[in-house]
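Participant: Have a look; sequence and predicted model below, questions after that.
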Amino acid sequence: MASIDLDKVLDKAWADKSLPEILAAPVAALKGVSERDGELLQEAFGVKTVADLAELKYVRWAQALAALDAAK
């Protein structure tokens, strides 16, 4: 089962929210992602929420490539 320290990846305002709330949150809920970054992601890829970002095919492709490299 996967786990993650939410305090390390979320803006403080989102650290106590439920997982469904976090997934529905704007990408700016992620630590280090500004509202402007979120606007740019929406303009470029139609990403509005944390879930949208996780499902973005380009993110999945990049993760798969990195996993292949790590496995060698």
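Facilitator: Sure thing, it's come through.
Participant: Pull up the per-residue confidence for the residue positioned nearest the centre of the chain.
Facilitator: What sits nearest the mean C-alpha location of the chain, by Cα atoms, centre = their mean, is Val50, with 4.6 Å. Looking at Val50, its pLDDT reads 98.
Participant: who's in contact with it?
Facilitator: Counting by Cβ atoms under 8 Å, 6 or more residues apart in numbering, Val50 makes contact with 22-27, 29-30. Using the backbone N, CA and C atoms, a C-beta is placed for each residue, glycine as well.
Participant: Also Leu10?
Facilitator: So, once contact is read as Cβ under 8 Å, 6+ apart, Leu10 ends up touching 17, 22, 29-31.
Participant: mind running it again at 10 Å?
Facilitator: Residues near Leu10 by Cβ atoms under 10 Å, 6 or more residues apart in numbering: 4, 16-17, 22, 25, 29-31, 50.
Participant: Lys72 now?
Facilitator: So Lys72 contacts nothing (Cβ under 10 Å, 6+ apart).
Participant: on that earlier part again, out of the contacts of Leu10, which are inside helices?
Facilitator: Counting by DSSP state H, these place 22, 50 in helices.
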